[in-house]
Structures are given as C-alpha cells and as structure tokens.
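Enquirer: Using only what follows, build the 3D model:
(2 chains)
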Number of protein chains: 2
Amino acid sequence: MGKVPESDCSIARSLGVLGERWTFLILREAFLGATKFAEFRDRLGALVEYGVMEREPYQEPGARQRSAYRVTPAGSELRVVLHALQQWGDKYLPRPEGPSALRRIRGTDLPVHVGYLDDQGHEVALTDVAVIPAGRSQG
Amino acid sequence: MGKVPESDCSIARSLGVLGERWTFLILREAFLGATKFAEFRDRLGALVEYGVMEREPYQEPGARQRSAYRVTPAGSELRVVLHALQQWGDKYLPRPEGPSALRRIRGTDLPVHVGYLDDQGHEVALTDVAVIPAGRSQG
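Expert: You can find the predicted model right below:
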C-alpha cells in the first residue's frame, strides 16, 4: 500500500484515498468488469498505489503488452461503501424510472440491503449503534 | 430537496451530493454533535439544499439569532456510508495506535459491523451479492 494519509480518523483516512467522486466511479466501472480504459490511467495510478487496484500485464495477438487493472481483495471490500451510497441514492435521490441497478442474493430475486450486524450475523438497528472513543467502555 | 444530480446511477447521484471529502467530514462532525461552526457555513448550504441537514434558528441570551444545523432523517441514514468507510479504513489503512473510534451496540461492549442483509435481517456474504440491471431477473 502507498503512504497512509495522516489522520487519527479512519473515515478521513479512507476518504484520503477515496474522497473524490471520480475514484468511486472508476471503482464502479471496475466492479462492472472494465479493465482496460486508457482514460482511467492517472486516477488508476493512485488506486494502485493504495492497494485498491492492481496492474496485470496482458497482450492481445499482434499488439504490444498493456496493463489490465483489477480490483484487489482490499478494493473488493469497498463494494459495501458503494452499495451503501447506491441504497441512499435510490431512497433519497430517486428517479421516476426507478433504480438502474438492483442488489440481489446471487442466483435469486431476493433483495439485499446494507446495514449493521452483530458478531452473530443479525441485524442491528441504526438507533442501536453507538460510536465511542477507543479505549472507553459502555458495558 | 435540491435539484437532483443527473445520472441514471444512484451511486453517481449520491456522490453528486456527497462526493467531496469535506462533505463527509462535516457530516462526521454533525453526527458527533457539532451544530454551530461558522466555518462550515458554505458547505452546509449545499447539504441543506439537498435535505441532508436542516437549519434551525437559535438565540443565546444577549446574542443575535443564529442558525443551528441538524442532521435530517435522510442525513442520518448516511451514517452507514460513513461507518462502511470507517470499517474499511480501520482494516486497510490502520494506524499503530489502532482505531480512534469503535462501533458498539448501544449500552454494551458488543461490536457492530457494516455488511449485507436479506429481508429477514440475516447476514449475506459479499460473494453472494449480485448487482443486476433493473428489470432483469435471476430467479
């Protein structure tokens, strides 16, 4: 990974890597399967530096060697951030035509949402979530 | 709400409102209880326009009337986006001192994470989540 942005807040650090709109839109394209777009190159460099995407050489018959860009496991875990944004946009910035994409359990028509979970994998309501300074106890 | 940014993708629309790093950091402050910081004023205007925050007049004894800024219910639902970013930063951009803040079930020391859920409130693995174009069926 590249140099970690300075901040004691992990939200600020994440946004140091991810904070620009363009970054998210590149990632969305990558999740949808794009690997080769030359116009993504500059921004992609920053994502490679931070370990969110990686370069892999490829060569088509008769062409010179090029770089393909793939999402790393670290990058893959950003899907939940994108999907949380998607969910919020669908609810609070809707369009008359409805959403352009739907989250489903693979191979089914069952919907999936982003939310909070305890360690047993059960949903926790937003109103039951507390964020406390590290080192302090509530219990 | 303000003018909805143009895009058929709700991620892009959400980021049209939220895309700048500064926006998230304002929201973080608001979630932590900040209401009055004059230096937030310009950015706050955009968040008010989009319905993420709202103005409320207040007056301290002997002072002129000012605006307090509060997170709306729509804004409150952005917590899950911030917490997904926080979780990712804690894992992939860690600091030697560990995280500065912890997500807990209110009144307990039980940890909370952000993830995917089905309609019964049970966790869905990232690898089981599919995003499909609206109007198409997998089932």
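Enquirer: Next SSE downstream of the helix or strand bottoming out on mean pLDDT in chain A?
Expert: When each helix and strand of chain A is scored by mean pLDDT, DSSP states H and E, helix A:10-18 comes last, with a mean of 67. Following helix A:10-18 in sequence order, the next helix or strand is helix A:21-31 (DSSP states H and E).
Enquirer: just checking, what packs against that next one?
Expert: Helices and strands touching helix A:21-31, by 3 or more CB pairs under 8 Å, 6 or more residues apart in numbering or on different chains; DSSP states H and E, are helix A:41-49, strand A:66-71, helix A:79-92, helix B:10-18. Bear in mind the C-beta positions are built from the backbone N, C-alpha and C, glycine included.
Enquirer: mind listing what's buried in the shortest one?
Expert: If you call a residue buried by 16 or more other CB atoms under 10 Å in any protein chain shown, then strand A:66-71 has these buried ones: A:67, A:69, A:71.
Enquirer: low-confidence ranges in chain A?
Expert: The model of chain A has pLDDT under 70 over residues A:1-22, A:24, A:32, A:34-40, A:42-43, A:139.
Enquirer: residue contacts, residue A:44?
Expert: A:26, A:53, A:69 (CB atoms under 8 Å, 6 or more residues apart in numbering or on different chains).
Enquirer: Can you pull up the most central residue in chain A?
Expert: With distances taken as CA atoms, centre = their mean, chain A has residue A:78 as the residue nearest its mean C-alpha position (2.6 Å).
Enquirer: quick one: that one from residue B:62, how far?
Expert: 49 Å (CB to CB, to the nearest Å).
Enquirer: do residue A:111 as well
Expert: In terms of CB to CB, residue A:111 sits 54 Å off from residue B:62.
Enquirer: what about those two, which has more around it?
Expert: Neighbour comparison, residue A:111 and residue B:62: the larger count goes to residue A:111, with 13 against 5 (by other CB atoms under 10 Å in any protein chain shown).
Enquirer: Show me the beta-bridge partners of that one.
Expert: When bridges are called by DSSP bridges, residue A:111 pairs up with residue A:104.
Enquirer: surely it meets residue A:90?
Expert: No: counting by CB atoms under 8 Å, residue A:111 sits too far from residue A:90 to count as a contact (11.2 Å).
Enquirer: Could I get the contacts of residue A:44 in JSON lines, plus columns for distance to residue A:100?
Expert: Formatted as JSON lines, the contacts of residue A:44 follow (distance: CB to CB, whole Å):
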{"residue": "A:26", "distance to residue A:100": "18"}
{"residue": "A:53", "distance to residue A:100": "23"}
{"residue": "A:69", "distance to residue A:100": "23"}
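Enquirer: Tell me the one among those nearest to chain B.
Expert: Closest to chain B out of the contacts of residue A:44 is residue A:26 (11.5 Å), distances taken as CB to the nearest CB.
Enquirer: burial count for the closest one?
Expert: By other CB under 10 Å, 22 other residues sit near residue A:26.
Enquirer: Could you report the distance from it to residue A:82?
Expert: According to CB to CB, residue A:26 and residue A:82 sit 11 Å apart.
Enquirer: what does residue A:57 give?
Expert: With the distance defined as CB to CB, residue A:57 ends up 27 Å from residue A:82.
Enquirer: ditto for residue A:27
Expert: For residue A:27, the distance to residue A:82 equals 6 Å [CB to CB].
Enquirer: Let me know the outermost residue of chain A.
Expert: residue A:62 (35.0 Å).
Enquirer: any idea whether it is helix, strand or coil?
Expert: coil (DSSP: H, G, I helix; E, B strand; the rest coil).
Enquirer: Dihedrals phi and psi, it?
Expert: phi 80, psi 0 (degrees, to the nearest 10).
Enquirer: Wait, the residue nearest to the centre of chain A touches residue A:26, no?
Expert: No: contact between residue A:78 and residue A:26 fails when scored by CB under 8 Å: they sit 11.0 Å apart.
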